[in-house]
Every structure is written in C-alpha cells, then in structure tokens.
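Let's see this in three dimensions:
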Amino acid sequence: MNSSFTREFGQYIREFGRFTREIEQFIREIERFIREFGQYIRELRRFIREFEFYS
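This next block holds a predicted model:
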C-alpha cells in the first residue's frame, strides 16, 4: 500500500476516535444535566407540597 495513504488513513482513524470521545463526553454532560434537572424538579415539587400544606 502507499505509505502516504496509510498515514492519512491512520490520521483519519485517530481524528474519528477523538471525535467519538468528544461525543461521549458531550453525552455524559447531557446525562448529568438531566440528573441535576430532575433533582431540581423533585425539590420544586417538595417545596410546592409544603407550601400547599402550610397555606
């Protein structure tokens, strides 16, 4: 095989690997945001229930 083709192909593979790692990191950040947002909603519901109880 042509060595420059092999080098370029290897570079594309490395870039694709980096891209997939960045996507995985982005997905983890979205999952963390969803968990934190869910916690915020639970706390808001609890606050509303307590507010209704005392009013």
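
Give me the distance between I34 and L44.
Note on I34: its distance to L44, by C-beta to C-beta, to the nearest Å, is 15 Å. Quick note: C-beta positions are derived from backbone N, CA and C, even for glycine.

what's around G10, how many residues?
By the measure other C-beta atoms under 10 Å, the count of residues near G10 is 10.

Same question for the one 5 residues further on.
Here the neighbour count serves as a burial measure; for E15 (other C-beta under 10 Å) it reads 10.

separation between it and R21?
From E15 to R21 the distance is 11 Å (C-beta to C-beta).

Check S3 and give its pLDDT.
Listed pLDDT for S3 reads 88.

and it, how many neighbours?
7.

and what of G17?
Here the number of neighbours of G17 (other C-beta under 10 Å) works out to 10.

quick one: it from Q11, how far?
Look at G17 and Q11: by C-beta to C-beta, they are 11 Å apart.

for the chain, what are the low-confidence residue spans?
The model of the chain has pLDDT under 70 over residues 1.

Nearest the geometric middle of it, what residue?
Central residue of the chain (C-alpha atoms, centre = their mean): I27, 2.4 Å from the mean position.
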